[in-house]
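> Would you be able to build a 3D model of this:
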Amino acid sequence: MLVDWSRRTRRALPSFDGEDPAAPSEAVPLSRVAASWLPAAIDALPPRYAEVLRLADLEQVSHKEIAARLGLSIPAVKSRVSRGRVLLRDVIDACCVFSRDARGGLVDFERRDGPCGCDDHRSR
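Below is the predicted model of the structure:
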């Protein structure tokens with residue numbers, strides 16, 4: 001999933017506002033394009049889940065630190081992260097259909113018709 005890719009790379013998500021950061025001869029990997037949608041997709045979630053996902057998956061804050069910041073128990077944080085990821089998957093799946101290779105890598109995507117919670121997708 002996109003969150004997993006984002007977490008593994010441990011880099012700031014790219015912004016695709018305005019000019020394409022890739023040189024014309026260099027294609028931007030689809031996973032980077034799709035990962036750039038995560039902040040908007042997370043914002044489409046109920047606040048109790050969006051807040052913990054933003055901290056855990058975008059800012060790489062530990063569950064222990066999230067619990068301390070938000071005044072929650074660690075099991076509550078883990079539960080919200082888990083439930084939030086399920087909801088996030090639903091938001092993203094409502095927007096796009098993803099094609100994956102045998103290893104689970106993103107090879108293509110297609111936007112579904114109609115509005116979704118993360119309408120700032122960059123058209124391809």
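> Now do the same for the helix or strand Glu51 falls within: mean pLDDT, whole number.
Counting by DSSP states H and E, the element that carries Glu51 is helix 47-53. For helix 47-53, mean pLDDT is 96.
> Please apply the same query to stretch 80-89.
94.
> Next: stretch 96-109.
80.
> if we can go back for a sec, quick check: which helices or strands does the following helix or strand past the helix holding Glu51 pack against?
Following helix 47-53 in sequence order, the next helix or strand is helix 63-70 (DSSP H and E). Judged by 3 or more CB pairs under 8 Å, 6 or more residues apart in numbering; DSSP states H and E, the packing partners of helix 63-70 are helix 47-53, helix 74-95. From N, CA and C alone the C-beta is placed, and that goes for glycine too.
> If you compare the directions of helix 63-70 and helix 74-95, what angle comes out?
Relative orientation of helix 63-70 and helix 74-95, computed by axes from the mean of the first three to the mean of the last three CA atoms, to 10 degrees: 90 degrees.
> List the buried residues in helix 63-70.
Neighbour-count burial for helix 63-70 flags His63, Ile66, Ala67 (criterion: 16 or more other CB atoms under 10 Å).
> thinking again about what came up before, can I get the CA coordinates of the helix holding Glu51 in PDB?
Output of helix 47-53 as PDB, limited to C-alpha atoms (Å, rounded to 0.1, in the frame of the first residue of the first chain):
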ATOM      1  CA  PRO A  47     -10.300  13.700  12.600                       C
ATOM      2  CA  ARG A  48      -9.600  11.000  15.200                       C
ATOM      3  CA  TYR A  49      -8.000   8.800  12.600                       C
ATOM      4  CA  ALA A  50      -6.500  11.500  10.400                       C
ATOM      5  CA  GLU A  51      -4.500  12.900  13.300                       C
ATOM      6  CA  VAL A  52      -2.800   9.700  14.300                       C
ATOM      7  CA  LEU A  53      -2.100   8.600  10.600                       C
END
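> Run through the neighbouring helices and strands of that helix.
Helix 47-53 sits against helix 38-43, helix 63-70, helix 74-95, with contacts defined as 3+ CB pairs under 8 Å, 6+ apart.
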